[in-house]
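Participant: Show me the folded form of this:
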Amino acid sequence: MNTAYVARKVTLSDSFKERAEQKLKKLDKFFDDVKAQITVSAQKDLASVELTVWANGMIFRAESQNVDKLDALDDAIDNLIRRIRKNKTRLQKKVKNSGFEVPGEPIPEEAVYDVIRTKEVELRPMMLDEAILQMNMLGHNFFVFLNGDSGAINVVYRRKDSGYGVIVPTKE
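Facilitator: Residues are numbered from 1 along each chain as shown. As a prediction, this is how the structure comes out:
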């Protein structure tokens, strides 16, 4: 397992890194080759742990905040493992319904998502600043727009750290 650590306004001890490595070993039962990044930051009385895992061409991400950074790490890893199991269950259902069987332990079924509303939006070319302004005027946390420079559909979103992010699609 390849693990990278990023510390923001906090120092990471060797015991924290050892505990993280020990907890991340749980992912070996799901994937063969795993790359992980653990970002730890401190803000006032809270420690925030962001965990990003790249495996089999998929990206899994979990974030947790707690007073203690070790507790935040535990919560983030547990959340990530729950998401991976949920994803694995969905894939097994699809494969089973298609006629193939996947050997392995049975995993309890997860809830099926019901789409309650579909919204159509008119995409018009705009610059990033204009999209952020439009998102703020609407009071939304994200906004889909047609990038005037590239002509691609982008998503701008408000981050929890009071900044903004942009999702730009790429083809592999």
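
Participant: Go ahead and flag the most central residue of the protein.
Facilitator: residue 61 (2.8 Å; C-alpha atoms, centre = their mean).

Participant: For that residue, list each beta-bridge partner.
Facilitator: In this structure, residue 61 bridges to residue 52 when assessed by DSSP bridges.

Participant: gap between it and residue 89?
Facilitator: Distance from residue 61 to residue 89, counting by C-beta to C-beta, to the nearest Å: 19 Å. In this view, the C-beta of every residue, glycine as well, is placed from N, C-alpha and C.

Participant: So residue 165, which state does it fall into?
Facilitator: Put simply, residue 165 is strand when judged by DSSP: H, G, I helix; E, B strand; the rest coil.

Participant: Am I right that it is in contact with residue 157?
Facilitator: Yes. Using C-beta atoms under 8 Å, residue 165 is in contact with residue 157, at 5.1 Å.

Participant: Could you check which of those two is surrounded by more residues?
Facilitator: Higher neighbour count among residue 165 and residue 157: residue 157, with 16 against 11, using other C-beta atoms under 10 Å.

Participant: can I assume that one is in contact with residue 145?
Facilitator: No. Look at residue 157 against residue 145 with C-beta under 8 Å: they stay out of range, at 11.4 Å.

Participant: show me the contacts for the closest residue to residue 166 other than its chain neighbours.
Facilitator: Spatial nearest neighbour of residue 166, chain neighbours left out: residue 156 (5.2 Å); criterion: C-beta to C-beta, 6 or more residues apart in numbering. Neighbour list for residue 156: 128, 131, 132, 135, 142, 143, 145, 164, 165, 166, 167 [criterion: C-beta atoms under 8 Å, 6 or more residues apart in numbering].

Participant: Could you look up the SS state of residue 132?
Facilitator: Secondary structure, three-state DSSP: residue 132 is helix.

Participant: you'd agree it is up against residue 164?
Facilitator: Yes. Between residue 132 and residue 164 there is a contact under C-beta under 8 Å: 5.8 Å.
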